[in-house]
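Enquirer: Got a predicted structure plus its sequence, pasted below:
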Amino acid sequence: MAKNTETERKFLVTSDAFKTQAVQSYAIEQGYLSKYAKRTIRVRIRDARAFLTIKSSTLREGIAKFEWEREIDIDDARELLKICLPGIISKTRYIIPAPSYKGETRKWEVDVFHSGKKKGEVLAEIELGDENEPFEKPEWLGEEVTGQPEYYNANM
């Protein structure tokens, strides 16, 4: 996978059975300084750490996207959240180990949304080495929503 490239698949979740498999969970608060169909600038506070992320769709077809992320000062992040576009997202993220592939560690990230348009929604995603990489689907995984704009965090 190229540097600064993210290839992920996203799914609805059909039950809370994933919680028994979680090895970690944390609170996330995030907002968007800019969001367009092809690029976003996001501020995220995850527990006591903060990040600034720029995401953009690639020039070619597929599910891979450009992603640039840097840790920033948490006080700066709190100030940036105040000037974000309306619709700050609050969610809990659960980390569930997934089988590794060709020696690369994989994990499911399951988000339970507490605010925004999708309050109560539960989504799972897995980041892959490329869009054709095989992976095992847990029993709590539902319909795939990869590439459906209504399930992008920026639209939630």
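Expert: Right, received. Where do you want to start?
Enquirer: Quick one: low-confidence residue ranges for the chain.
Expert: 1-5, 58-64, 154-156 (pLDDT under 70).
Enquirer: How about the contacts made by residue 114?
Expert: Residues near residue 114 by C-beta atoms under 8 Å, 6 or more residues apart in numbering: 90-92. Heads up, the C-betas are built off the backbone N, CA and C, glycines and all.
Enquirer: Let me fix that, I meant to ask about residue 133.
Expert: 7, 101.
Enquirer: Verify the contact between residue 81 and residue 44 for me.
Expert: No: using C-beta atoms under 8 Å, residue 81 makes no contact with residue 44, being 9.2 Å away.
Enquirer: where do the contact lists of those two overlap?
Expert: In contact with both residue 81 and residue 44: residue 29, using C-beta under 8 Å, 6+ apart.
Enquirer: The two - which one has more neighbours?
Expert: Taking other C-beta atoms under 10 Å, residue 81 and residue 44 do not tie; residue 44 has more neighbours (21 against 18).
Enquirer: Can you get me a residue count around residue 139?
Expert: Residues near residue 139, counting by other C-beta under 10 Å: 8.
Enquirer: those helices in this structure, which residues are they?
Expert: Taking DSSP state H as the test, the helices found in the chain are 74-82.
Enquirer: What segments of it are strands?
Expert: 5-13, 24-35, 39-46, 49-57, 64-72, 89-101, 104-113, 122-128, 141-144 (DSSP state E).
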